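S.K.: Sequence and computational prediction follow.
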There are 4 protein chains.
Amino acid sequence: MTLRIGVIGTGAIGKDHIRRINEVLTGGKVIAVADICEAGPKAIAEKYGVKTYKNGADLINDPEVDAIVVTTPGFAHKDPVLQAIAAGKPVFTEKPLSTTAADCKEIVNAEIAGGKHLVQVGFMRRYDKGYNQVKAMLDSGEFGVPLILHCTHRNPEVDTSYTTPMAVHDTAIHEIDVLHWLIDDEYESAQVIMPVSTKYTHSKLKDPQLMILRTKKGICIEIEVFVNCEVVCEDGVVKMPAPSTPITRKNGLLSTGIETNWKNRFIDAYDVELQDWINSAGKGEINGPTAWDGYLASMTADALVKAQTSGAIEPITTGEMPEFYAK
Amino acid sequence: MTLRIGVIGTGAIGKDHIRRINEVLTGGKVIAVADICEAGPKAIAEKYGVKTYKNGADLINDPEVDAIVVTTPGFAHKDPVLQAIAAGKPVFTEKPLSTTAADCKEIVNAEIAGGKHLVQVGFMRRYDKGYNQVKAMLDSGEFGVPLILHCTHRNPEVDTSYTTPMAVHDTAIHEIDVLHWLIDDEYESAQVIMPVSTKYTHSKLKDPQLMILRTKKGICIEIEVFVNCEVVCEDGVVKMPAPSTPITRKNGLLSTGIETNWKNRFIDAYDVELQDWINSAGKGEINGPTAWDGYLASMTADALVKAQTSGAIEPITTGEMPEFYAK
Amino acid sequence: MTLRIGVIGTGAIGKDHIRRINEVLTGGKVIAVADICEAGPKAIAEKYGVKTYKNGADLINDPEVDAIVVTTPGFAHKDPVLQAIAAGKPVFTEKPLSTTAADCKEIVNAEIAGGKHLVQVGFMRRYDKGYNQVKAMLDSGEFGVPLILHCTHRNPEVDTSYTTPMAVHDTAIHEIDVLHWLIDDEYESAQVIMPVSTKYTHSKLKDPQLMILRTKKGICIEIEVFVNCEVVCEDGVVKMPAPSTPITRKNGLLSTGIETNWKNRFIDAYDVELQDWINSAGKGEINGPTAWDGYLASMTADALVKAQTSGAIEPITTGEMPEFYAK
Amino acid sequence: MTLRIGVIGTGAIGKDHIRRINEVLTGGKVIAVADICEAGPKAIAEKYGVKTYKNGADLINDPEVDAIVVTTPGFAHKDPVLQAIAAGKPVFTEKPLSTTAADCKEIVNAEIAGGKHLVQVGFMRRYDKGYNQVKAMLDSGEFGVPLILHCTHRNPEVDTSYTTPMAVHDTAIHEIDVLHWLIDDEYESAQVIMPVSTKYTHSKLKDPQLMILRTKKGICIEIEVFVNCEVVCEDGVVKMPAPSTPITRKNGLLSTGIETNWKNRFIDAYDVELQDWINSAGKGEINGPTAWDGYLASMTADALVKAQTSGAIEPITTGEMPEFYAK
């Protein structure tokens, strides 16, 4: 039984998910696409013979469409997600769930009111092998309770449109989701420490930044802005491995490559993520990050952005998780 | 256009390939299975609704079967491979191509006589990410010409049915294929050095063994029986990475795990291998290891087994590669 | 010309320095020891034929003593150091310079008033090969300006006499000295973050602790309590290596040992430190950590201890370094 | 009680040993030097105020000289070593003990006839920390019996005066001594495998070479010409660590430095070696490599050089170790 999928938004990430579903993964098939621009759907229709829509709502209400993938820009996620909930169809939306915490909360409320688990947010790191290896080791209990997380990410460069708040919204946002999942906990407060900036930055960007999150269980997370992750536990330390690349000896150096392109770094995670969604959406279930996770990420990002300018420890007040999202 | 596949042999590896084609990979579908025992096909028919045959030849000649996968025991590879060639259908056979060099040569000759590339041998290491990373670095020319290969493999244990010649036929056989592909060369001679045996071995097994192969270009390969691979080149050294596993600190040791189960070690390579075969067989092509590679492996294994008892440097005389197999 | 040395304090570290000077290093010789207990000096006199004193001041004023080593308990460092300054003799004192910032300042003032560089404090990490390798790489400019330092130290265990403030006075005190030397900067503020404590701690010790120091140049230092050190610079990252120990493969793990005993970890640094002091004291110079460094460490430790309970960012106000200590 | 040392040969290594004894080590003092050239001794006499001799025999017979260091060219080692034995004085000679196996045997016989242990050969690797760490782990029995040794050495470059036999006499000679000490065994046969040579070599040098030694216990040693060492044992694998150097991240590579200068690589071993000799020679003992070790190295090197041209497995027939050298 093939899952018939409609995709809303045909930009780079939309095209990539369509290719993935039709050419790599099994069990799903894109049968319709929608975009306010006509060029995107037309090219895809020529390649895969799908139906095309100008309006996302029409695609969602097409009775042949079983499930929806939303790959529009972030500010345009809210409407199709709410419409899919209204139509009772599973919807996978790229992150962020929405651009404000209030909109995220509205989606959460709509999903709970509908009584069916329908929304998955594209936090693909939960599907990465390295994070899952670390989570399995933590869950085993062999290393005791986590106490501190040290996380670092060093992008090779960003362009001048990247400003101070984007270090939260575009970069730390991934850590915000994956870390609370990793340690099965929620955030309580946020602080941002600003060291002297590198000469390579520009006037609108403080770089680097040291973000500190504290969870409800008292675990302290220090993020020097993302991909590595080391968890200090009571009985040992667990550190995420770098991806395997050959080791070379040349010019007096013993070296291994560092993957600096996040698309390559997480290429497998995207496949695993969407295959998992196809498999569970076909059975009327959602296994991955939920709308509640999207809301948590939004609230946490807001606190971090506030902390970037206040220099203080800012509280994060998401309230209790609704029973609806308990696993 | 889905490739309709028939599978001959429904033991463990046969069942695994059927699951892989039907549940993981895209573009192919198992529609028929054959086995001299009835139980295997029956269980698979119940699960996937496929046709069943007692006789491989009947499956091969079923006009609805586009391509064949042979997963019978090694001694029963030759007949279905020859029959598939006769029927002009692509055939993927698990290694070894056949159990004697003479039989391998017969298959090579039949394929050449038929004039179509139809046979792929299941040397799945060519599809492993680590080997491909090393090959790409060698092919780049950045490290100069390869001079020496150091390869090591340490199995945690084998049972007492594993005897001295099996170190060649069951273990080094993988290296035999993947190494000449890695350096784009063919073997010229073989030597086996027998150190003092470990107390953990039994009377029929000399363990460890040091195998030395020399290629036509004069590259020397030293195998301490397989998974790691380090290539010494003129301008540097390239070493295959171990698979990524988390790094832990505990009990005064900084450790990473070693994958000791080869099925897990190469789990991705199996998927990539069969997907590649489905894609190319559907287009009437063969990209992977050929019958000629199967023949080379057989001749090299024979020389190594002879060297295990002679203690001498044994020649390997495969003759020139037929033009038919040139890429 | 052998430097004739008098040692005050004949406990474990005193005995070890005497052995070092007499049996390992060259250019110096212990000729007198002092201790308020009689047993220590007596045993040393029997072994090395040295003079013995009950009173440190008498030893300092012995005209045959060229230079002094102070290895009494920390609270008893101040008097002999001031007496050595008064006598115009070089004095090497184990850390801390003194137990209060006020006493440290008094020593600084006395040394400046005397006009001669006479005091060296036993911060031996400046003599460790790993720190020096990192410093050389930073000083080369190849990695750009340092921005963030991540430092970690994980003691295997401490006994119940070890309380929260001792994480500063006994543990972080080493980092306090060596890090500002490493980056050639001084501290401006201190903060301590207290994660949930491990179940292995006791009621008087919060463990672990995350200490954050900011320097006058804006470099942020995060200490998860000491031996490793990673420096994030504008053009790259430099990380101190762990000491070399053999790599083993056993029981499915690839492991290297971690030195958990700090005495072994820094065994070479002690030799290098004292040899350097003997060499320079003999020439009337001081190359190592000065009284001013001892004062800085004391002031920084006070701020960290205050931050352990306040939870706030505490200022460190040492004032400008006196011209006397400029290099 | 200072050991009064005479040094014969004032070239680079002689000067370095004199500096080491007088400025770094404790317990010894160079009081006389000899050289057939006058310039060397004169400069040293000016610096250290030592006696000078033109003739090594006169220095050896000077009653004020307690012990001898021989740092002449290799072909001039035999005479002063024999004269020191005749004079009953401890003698430390740089490797090789002598340039022919026959001369080595003559020295061995003279030392046995004299009945006193007087000769130490400068195989300094036995004093290297890495080798000693590996030896300690092997001796512990935790890893079981050694079966195979993989050793590699890659010199960055050699000049054109370096020819095929020098790969044995100047390079593998160190491994020849240190490896049989490491596994407490003696050699039985030698083979040399010559892969295709790198384009960077010249007509008189086959490079690289793969040397294979078999010991009396059946341990197989494969040397791709020297510094690293990995020992495959029954219960695990032990690998010598590379020296610690900082780890850097830059330009997409995670790198550590490789020490390519052997003088730096073994700088500590030289100090430890000579200090050990001063300490034991002062007590009338020899702890380090003996004349018998020098003879073994010479016999093994002869077999390897023969194997370089024969391509065969060459026997090594040193006979039983004399009781005199048993420890």
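M.R.: Nice, thanks for sending it over.
S.K.: going forward, measure contacts and count neighbours with C-alpha atoms only.
M.R.: Noted.
S.K.: Which secondary structure state does residue A:142 sit in?
M.R.: What DSSP: H, G, I helix; E, B strand; the rest coil gives for residue A:142 is coil.
S.K.: ok, it - how many residues close by?
M.R.: When neighbours are defined as other CA atoms under 10 Å in any protein chain shown, residue A:142 has 13 of them.
S.K.: same deal with the one 4 residues further on?
M.R.: Residues within reach of residue A:146, counting by other CA under 10 Å, total 25.
S.K.: Look up the residues forming beta bridges with the closest residue in space to residue A:18 that isn't next to it in sequence.
M.R.: Excluding its sequence neighbours, the residue lying closest to residue A:18 (CA to CA, 6 or more residues apart in numbering or on different chains) is residue A:30, at 6.5 Å. The residues listed as beta-bridge partners of residue A:30 by DSSP bridges are residue A:5.
S.K.: Now do the contacts for residue A:30.
M.R.: In this structure, residue A:30 makes contact with A:4-7, A:18, A:21-22, A:50, judged by CA atoms under 8 Å, 6 or more residues apart in numbering or on different chains.
S.K.: repeat that with 7 Å
M.R.: A:4-6, A:18, A:21-22 (CA atoms under 7 Å, 6 or more residues apart in numbering or on different chains).
S.K.: The nearest residue to residue A:95 once chain neighbours are set aside and chain C, how far apart?
M.R.: With CA to CA, 6+ apart as the measure, residue A:122 is the residue that lies nearest to residue A:95, at 5.2 Å, once sequence neighbours are left out. Residue A:122 sits 30 Å away from chain C, taking CA to the nearest CA, to the nearest Å as the criterion.
S.K.: what's the residue most central in space within chain A sitting at in phi/psi?
M.R.: Computing the C-alpha centroid of chain A and ranking residues by CA atoms, centre = their mean puts residue A:123 first, at 2.2 Å. Comment: the main-chain dihedrals of residue A:123 come out as phi -80, psi 90, following degrees, to the nearest 10.
S.K.: separation between it and residue A:283?
M.R.: To residue A:283, residue A:123 is 21 Å away according to CA to CA, to the nearest Å.
S.K.: Run through the helices of chain A in chain order.
M.R.: Applying DSSP state H to chain A gives helices spanning A:12-19, A:39-48, A:56-61, A:78-87, A:101-114, A:129-139, A:166, A:173-183, A:262-265, A:267-282, A:291-310.
S.K.: Quick check: which of those helices is buried the most?
M.R.: The densest packing among the helices of chain A, expressed as mean neighbour count by mean count of other CA atoms under 10 Å in any protein chain shown, is seen in helix A:291-310 with a mean of 23.
S.K.: Skip the chain neighbours and tell me the closest residue to the residue in the stretch 51-200 of chain A positioned nearest to chain C.
M.R.: Among the residues of the stretch 51-200 of chain A, residue A:196 lies nearest to chain C; the distance is 4.6 Å by CA to the nearest CA. Distances taken as CA to CA, 6+ apart put residue C:218 closest to residue A:196, at 4.6 Å, once the chain neighbours are dropped.
S.K.: tell me the contacts of residue A:118?
M.R.: A:85, A:89-91, A:286.
S.K.: which among those end up buried?
M.R.: In the contacts of residue A:118, burial by neighbour count holds for A:85, A:89-91, A:286, counting by 16 or more other CA atoms under 10 Å in any protein chain shown.
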